[in-house]
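# Here you go, sequence then predicted model.
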Amino acid sequence: MEEILAMKGITKVYPNGIVANKDVDFSVRKGEIHAIMGENGAGKSTLMKILFGMEQPEKGDIFFKGEKVVLHSPNTAINYGIGMVHQHFMLVPSLTVAENMVLGVEPKKSSVLFDFEKAVQMTEEVSQKYNLAIDPKAIVEDLAVGKKQKLEILKALLRGAEVLILDEPTAVLTPQETKELFEELINLKNQGFTIIFISHKLKEIKQITDRLTILRNGRSMGIHETKAISEQEISRLMVGRDVVLKVDKKPATPGEVVIETKGLSYHDATGKPVVNQMSFRVRKGEIMGIAGVEGNGQGELVELITGLKKPSVGDIFIGGVPVKDLTVKEIRNLKTSHIPEDRMVYGVAAEGTIGENLISDRFDHPKYNGKLLQKVKSLISRSEELIKDYKVKCDGHTQQVNMLSGGNIQKVVVAREFSSDPKLIVADQPTRGIDVGSTEFIRRKLVELRDEGTAVLLVSADLNEVLELSDSLMVMYGGEIAAYFEDASQVDEMELGMYMLGLKTMEQHEMGGATGE
Amino acid sequence: MGSLFDIIFSANFGYAVLRVTTPILFASLGALISIKAGVVNISMEGTMLTAALAGVAISAYTGSAFGGLVGAVVVGMLLGLLLAYFALNLKTDIILAAIAINLMASGGTVFGLFVISGDRGISSSLASKVLPRIQIPILHQIPVLGPVFSNHNVLTYVAFISVALVYILLYKTPLGLRIRAVGENAHAADSVGISVKKTQYIALIMSGAFAGFGGAFMSMGYVSWFSTNMIAGRGFIALAAEALGMGRPFGVLLTSLLFGSADALANALQAFRIPSEFVQMVPYVVTIIGLVVYAQRKHSAAQKVRQEDRA
Amino acid sequence: MNKRVLFETIRTLVAIGVALLLALIIIFSVSDEPGYALERFLLGPVTNLRNFGNVLEMAIPLIFTGLAISVMFMAKQFNLGAEGGFFFGAVGATALVLTFNLPPVILPVAAIIVGALAGGLGSALPAVLKARMGASELVSSLMMNFILFWLGLFIINNYFRDAMAGAMASHRFPDAAKLTRILPGTRLHFGIFIALAMVVVVYLFLYRSRWGYALRMVGLNIRFAEYSGINTKSVILYSQIIGGMIAGMGGTVELLGMYPRFTWFQLPGYGWDGVIVAIMARNNPLLVPVFAFFLAYLRIGADIMARVTDVPSEVVAIIQGVMIMLVTAERLLAGWRHRMVVKDKMKAAEAAEVEGGGVQHG
Amino acid sequence: APAAPAEPAEPGAPAEPSEDALKVVLLLNGTLGDRSFFDSAHAGVQMIEQQFGAEVRTIEMSYDQTRWEPTLWEVSEQDWDIIILGTWQMTEYLEEIAQEFPDNRYIIFDTSVDYSVGDLSNVYSILYKQNEGSFLAGALAAKVTTSDMELSNDRKLIGFLGGMDIPVINDFLVGYIEGALYVDEDVSVYVSYIGSFDDSASGKENALAQYNAGVDIGFNVAGQAGLGQLDAAQEVNRYAIGVDSDQAMVFAESDPDKAELVLTSMMKRVDNSLVRAAEMHIAGTLPYGEAEALGLVEEAVGLANNDFFERNVPAEIRAELEELAEMIINGDITVSSAIGMSTDELNQIRDAVKP
Ligand SMILES: Nc1ncnc2c1ncn2[C@@H]1O[C@H](COP(=O)(O)OP(=O)(O)OP(=O)(O)O)[C@@H](O)[C@H]1O
Ligand SMILES: Nc1ncnc2c1ncn2[C@@H]1O[C@H](COP(=O)(O)OP(=O)(O)OP(=O)(O)O)[C@@H](O)[C@H]1O
Ligand SMILES: [Mg+2]
Ligand SMILES: [Mg+2]
């Protein structure tokens, strides 16, 4: 098979001086699925952004079908038939699917007006051709993640891409959705498309890719035949040491109830219940996992517990205290910690320094304040401790957070939330988009805290994670408890999937006492 | 002298409202376009002022009112271009750049006037032209409506028609789609090969053009000369009108009319011996009240916006 | 970091250079003695004590409004009410000094407090509207400027007007109210110390106090602040009210330092200048005086030029505008800078190569 | 071709110092080209230049208050025989600086320094009895509105368009009202304040509101903003009275139709008063250390007596105005002034004639 494109000696330095890629060689063959792997901040997205003309390399050449090309804008890349599905979706929320589809290549009618009907029609055509079903008239912000992803792929296909770049497409998908996606990818591959696939999940890589390229600290660790290389090897090449993804944890010793909800409901602006009649308990020293497809109310549930939203009906008790009417601050004072789903939106102030971000929950604590002024020294030393303990890769507490890669940003959040000796931790997608190294680290910490007697409510779309960490487990569907398992170790993935997709729902009695009825 | 009631419901009052509204409407439409593209243009005041002078000067020079209008609009666009160049290419803070433009306009126009006419206050020594008024055939005969809606300056009609045009531009054309996309998520637009910069350039230039129309109206329609600082804050009022307009052309129309009415009302109130300071406050107080009302219904509004964006 | 400082300095110098070049071109086109005009423009302010005094005098109000805007912008509250706050603060102060006759020192101090309160009052409404119902503070503060202006005029006209004065003016201030002149031959007054003290206070408030921390976090990412348990509504309130108070102080200090009575029947415009200063200073209180001085120098130099040469004073406005825009043009020389960065990053990378350490954050 | 701006001079001293020539400098706390007040003052010094071969210079300090005091200092340090400045805003600076330079001679117009603050024996103040002039304007307006002139209606309603509700403006208003009432007890006056001296559009808007309410002749006292009244007058075809300078002349050549409607203007003849002062200065009779209020007698105020006036105002009305002027001059009529009036007194006067 001939190389459809190749990158030679690519070097990229960002304006802030970060060297994202250094002399990277990279190439893909026509019709293969090629993985790019590497820790957070290894330079994967950057390399792909260069390939898609969004970033310009300082050094290096790009060859497309053997001839040297200069990709000074996404436009040129698109014209060469390169399409990209970005890690963070590149969609305009308020517009319809069809409008997003044709953005930049809008069909016209009577030569000046935008032809919406035509756009809809075009959308339908591609989605049929590659059987990726989607409603052209739906508003994008109302779509589920999986759909958004389909839309992104369709966008690329509509623009005639023959090389498809997918940046961490599975990070947000359920097993079913992932399976579906993989089928689609295989099917595209068979139609002669070339696919570049970024992921942190070794299993997936092994499952569908032909070859893989590993990046570390912006350098290429070589191209490998997927079959020929073991997971151990891969992670060693990525992290520079062996990584044990299996967290060995001893059985839980649950104590008294830390958090309990009774008939908890939340109705959104339009009045429809997003969280519906949820009653459950989490005990001291127990990790309760909540599995479920994104957008089935997990997010709202978490916000209700942490005080960001106020329940429409029902009660929440933390350590026996009703918190329904308490402020976020008061709830945090009950020793509740919260790892938010979207670190960039809630978890950090991206332009703030690491130090500032580490103290946001305790900046006003008497310990750190005089009458008028803060005790800067003690704040700084505290930050430095945390940076050390949580191995945040940075050059000091004064560095801006947005210069860290996602993995390290997440460590900053985790450091802050875990270090306030919490009685309850609400962890929402704690390891999303995080490399194996950091993932391992964060999961260990969770288990440690559990063993020290913290109650953990773990929400994750990553089933492995839920299954691996949870002592008990709950599935949410349509804002309700679709299933509850006293003992998480007894559950199998596919069965969970059924509950997650609402194909199955448990009866009250099946769920047993633990949900507190 | 009749009661306030008679005044407000007199045809003259209605006519005045439309006239007072015109310059504000132009400017707030301009502001709207720029904000939709994610670039705030607060240099409306200065741009209108400069355009007002350009219109007078060029119409006097060419002897044609239309020539003056074109000149004013072109100058408006040039200032939009200037703002765009500094904000988008040189990355000067756009608010700052706009304030600087306002600063330059207030002094520059006086200087310009002096160079052109030798006067520093008013351009009356120039034989500048005035844009024609238009009698609308049938409407003109109809009792109440005629006096209110007919026989306005041509630009007043242009302003109101522009509302529809801007709506079509933003919601029915590819360019509009791109402008909104850029304003809402520049990365997304960029990733599909839309040039964010180019789109924002276009938006700022268009907003300048509207300011140009507004300026032309001030000096070639509202009054028949240019005089220093003649915009007298209308450019800022327009920003308020835009902000109140829920980011929608017809919303902007309503809020501009609100201003126009409040202003005309203030003038009518002069007849009753209310302390003049309070009379002067009326338009601004009305705005704040409007702001409060709007803020309370924001939510439902926001959803309306979404519905229309779907269309 | 040091490299950045160096670069910033070079960039600023280049910007000023370019701006001056443009200024020269403009001056050439309007003047018969361009060389002399430019010389006056640049050196006028330092050629004699009074002129230099004028620069410092003008810097004082700019520092106050610059600080006021910085505080509000730091919290991402786009309240443009410094203009009205400044004016209304002065009105408040006038009311006080003409009503109570207190001994020296006490009187101006009381006046400044009242002025601050008046200014704070002015920005309170936009703040409340924002906190309570999310109404755009930009709009309401713009409107408040006008309302405060007319309200102020009403108060002066009806309660403190000097009937014998040939124009709208309050009665003369008692001497006890005046801020002492500190530099003979100039009008430079004690206010400069108050202004500089405020710079320090505001700095400590923003960067060393818990309220300042909360304020900055709200500015950086309000959702993060909420999530962290910060009371964002109260931040929205106090950031704007404090901003208004600082502006009000400024109005008072300017009035008592420079004027024998209240005679403003126009908004003095320092609010907008404050925005310029604040943006130039990137909301950093410590940089505010620097850019306030820069702007004041620019203006005084320009006035001198207009006064002693044939360059009309209006041209100056254009020159100022160009200067402000260029000096803050971040992208100026960006290309050069990037090459600079790349070069030594690559070096660092090579170096790191050797120890095989992490390099991306080098 | 634009008139060259104030001619340049070396800093420190005026151009080639010649011993005998009288050196006169005029400081304007505003700019030339206002077609009014400051232009009139400038015209005055130019007459002085011609009539007495003086060497003159005009400095425009612009409207920015912060520039005024420094400029006055600078000029005071240079050697001029007469330093002329104007408006109330300058008085307090002058009171301070004049004492620093006892050998300088200062003339300040349209206001008076407070001679009680110290030794100001080197300052001569010129006040204008704008209330006297306005009295005539009011009388004219009343005559016109009650007359059967073609554009006047049968309502006895006249307009006053002020810039802002401040004493100077109200001094015009008081005279205007008295004049009107003197002619006809039941004339009422529609008083509006534009709230600005720049916004001629708003000036027009307010004037139209007045005309639409039945006003058939109005008096504008609002600088540039007031000019909006002339546009309004033309639009609804009513009469207007200008102020400060001869506003008919502002449009005489560029827009004659408009000029036709400006029956006359109540002028402050700053030029006359300055020439008069210079003359007395040379003769050594100028009463420095005093303030003089110049009115109709000194021809320092008065209605513009131009062709439009001649052509459009009936002879008998003009005659009657002449008489009134005489009666004021020889004291049979004394016009009251707003300067020194409390806001309440003012309100009474305004409410009395409220339509
Ligand atoms: N726009 C940018 N400006 C400055 N630095 C950046 C930018 N984007 C990325 N970086 C830095 O470049 C390095 C590589 O980033 P990149 O996005 O390529 O990592 P990645 O491999 O995609 O990591 P992840 O697995 O978290 O997506 C990181 O250290 C990141 O901090
Ligand atoms: N403008 C920027 N300046 C500095 N760092 C940046 C910038 N943009 C992105 N980064 C950092 O580079 C990292 C990688 O950049 P990218 O935009 O690919 O985000 P990402 O890789 O998707 O991050 P994540 O690991 O959270 O998925 C991001 O995590 C972000 O922290
Ligand atoms: Mg990435
Ligand atoms: Mg990632």
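Ah, there it is. Ligands and ions are numbered 1, 2, ... in the order given.
# Quick one: end-to-end length of stretch D:25-34, please.
From the first residue to the last, stretch D:25-34 extends over 19 Å; the measure is C-alpha to C-alpha, to the nearest Å.
# which residue is nearest the centroid of the chain?
No chain specified, so I'll use chain A. The central residue of chain A, meaning the one whose C-alpha is nearest the mean C-alpha position (C-alpha atoms, centre = their mean), is A:Arg432 at 3.4 Å.
# please go with chain C instead
Nearest to the geometric centre of chain C sits C:Gly66, at 2.2 Å (C-alpha atoms, centre = their mean).
# any idea how far it lies from A:Glu351?
Separation of C:Gly66 from A:Glu351 (C-beta to C-beta, to the nearest Å) stands at 21 Å. Where you see a C-beta, it was placed from the backbone N, CA and C, and this is true even at glycine.
# which ones are touching D:Val199?
Small correction: residue D:199 is Asp, not Val. Counting by C-beta atoms under 8 Å, 6 or more residues apart in numbering or on different chains, D:Asp199 makes contact with B:229-230, B:232, D:225, D:228.
# next one: D:Tyr128
When contacts are taken as C-beta under 8 Å, 6+ apart, D:Tyr128 is in contact with D:109-110, D:268, D:270, D:273, D:293-295, D:300-301.
# mind checking which helix or strand the spatially closest residue to C:Val327 that is not a sequence neighbour is in?
Distance criterion C-beta to C-beta, 6 or more residues apart in numbering or on different chains; nearest residue to C:Val327, sequence neighbours excluded, is C:Ala15 at 4.6 Å. Taking DSSP states H and E as the definition, one finds C:Ala15 inside helix C:2-30.
# And for B:Ile8, the neighbour number?
Here the count is done by other C-beta atoms under 10 Å in any protein chain shown, and B:Ile8 has 15 residues near it.
# Check C:Leu20 too.
Taking other C-beta under 10 Å as the definition, C:Leu20 ends up with a neighbour count of 18.
# again with the one 3 residues further on
When neighbours are defined as other C-beta under 10 Å, C:Ala23 has 27 of them.
# and the nearest residue to it once chain neighbours are set aside, helix, strand or coil?
Nearest non-adjacent residue to C:Ala23, counting by C-beta to C-beta, 6+ apart: C:Ile319, 4.3 Å away. When states are read from DSSP: H, G, I helix; E, B strand; the rest coil, the local structure at C:Ile319 comes out as helix.
# hang on, isn't C:Val311 packed against C:Ser31?
Yes - with contact defined as C-beta atoms under 8 Å, C:Val311 and C:Ser31 form a contacting pair (5.0 Å).
# At the contact with ligand 3, which residues of chain D appear?
Contact residues of chain D with respect to ligand 3, defined by C-beta under 5 Å from the ion, are absent.
# Chain D: strands as residue ranges?
Counting by DSSP state E, residue ranges of the strands within chain D are D:23-28, D:55-60, D:82-86, D:106-109, D:123-128, D:157-162, D:188-193, D:217-221, D:239-244, D:262-268, D:291-294, D:301-303.
# Quick check: which of these is nearest to A:Leu301?
Shortest distance between A:Leu301 and the strands of chain D, using C-beta to C-beta, is found for strand D:188-193: 61.9 Å.
# Next, the angle from the closest one to strand D:217-221.
Compare the direction of strand D:188-193 with that of strand D:217-221 by axes from the mean of the first three to the mean of the last three C-alpha atoms, to 10 degrees and you get 30 degrees.
# do you know how far B:Ile58 is from D:Val123?
Between B:Ile58 and D:Val123 the distance, using C-beta to C-beta, works out to 48 Å.
# no wait, D:Asn104
As judged by C-beta to C-beta, D:Asn104 and D:Val123 stand 9 Å apart.
# Surely C:Val322 and B:Leu103 touch.
No - counting by C-beta under 8 Å, B:Leu103 is not a contact partner of C:Val322; they are 10.0 Å apart.
# Between the two, which contacts overlap?
Shared between the contact lists of C:Val322 and B:Leu103 (criterion: C-beta under 8 Å, 6+ apart) there are no residues.
# What is the least confident helix or strand in the chain?
In the absence of a named chain, chain A is used. Taking mean pLDDT, DSSP states H and E as the measure, helix A:508-511 is the helix or strand of chain A with the lowest mean score, a mean of 73.
# Correction: the question concerned chain D.
Scoring the helices and strands of chain D by mean pLDDT, DSSP H and E places helix D:247-252 at the bottom, with a mean of 86.
# How about that helix and chain B, touching?
Yes - applying C-beta under 8 Å from any C-beta of the partner chain, one finds that helix D:247-252 is in contact with chain B at D:250-251.
# for that helix, packing partners?
On a contact count with 3 or more C-beta pairs under 8 Å, 6 or more residues apart in numbering or on different chains; DSSP states H and E, helix D:247-252 meets helix D:223-236, strand D:239-244, helix D:256-261, strand D:262-268.
# mind checking pLDDT for the residue in chain C that chain B sits nearest to?
With C-beta to the nearest C-beta as the measure, C:Ala317 is the residue of chain C nearest to chain B, at 2.4 Å. You'll see C:Ala317 listed with a pLDDT of 83.
# Likewise for the one 10 residues further on?
Per-residue pLDDT puts C:Val327 at 80.
# I'd say it and C:Thr9 touch.
No - between C:Val327 and C:Thr9 no contact is recorded; they are 11.9 Å apart, counting by C-beta under 8 Å.
# Please say which of the two ends up with more neighbours.
Applying other C-beta under 10 Å to C:Val327 and C:Thr9 shows that C:Val327 carries more neighbours, namely 22 against 10.
# Now the element after the helix or strand containing B:Val115, going C-ward?
If you go by DSSP H and E, B:Val115 is part of helix B:94-117. Moving toward the C-terminus from helix B:94-117, the first helix or strand encountered (DSSP H and E) is strand B:133-134.
# Run the chain-centre distance for the following helix or strand past that next one.
Note on strand B:133-134: by DSSP H and E, the next helix or strand toward the C-terminus is helix B:137-141. Relative to its parent chain, helix B:137-141 has a centroid offset of 27 Å by C-alpha atoms, centre = their mean, to the nearest Å.
# quick one: average pLDDT of helix B:137-141?
For helix B:137-141, the mean per-residue pLDDT is 81.
# for stretch A:127-142, same thing?
The average pLDDT within stretch A:127-142 is 88.
# Mind pulling up the pLDDT for B:Gly118?
Taken from the predicted model, the pLDDT recorded for B:Gly118 is 80.
# My read is that it contacts B:Ser125, right?
Yes - here B:Gly118 reaches B:Ser125: they are 7.1 Å apart, a contact under C-beta under 8 Å.
# Tell me which of the two has more neighbours.
Set side by side, B:Gly118 and B:Ser125 show more neighbours around B:Ser125, with 20 against 15, by other C-beta under 10 Å.
# my guess is the more buried one contacts D:Asp255, does it?
No - in this structure, B:Ser125 sits apart from D:Asp255 without contact. The criterion is C-beta under 8 Å, and the distance is 10.3 Å.
# what stretches of the stretch 101-250 of chain C score poorly on pLDDT?
Scanning the stretch 101-250 of chain C for pLDDT under 70 picks out nothing.
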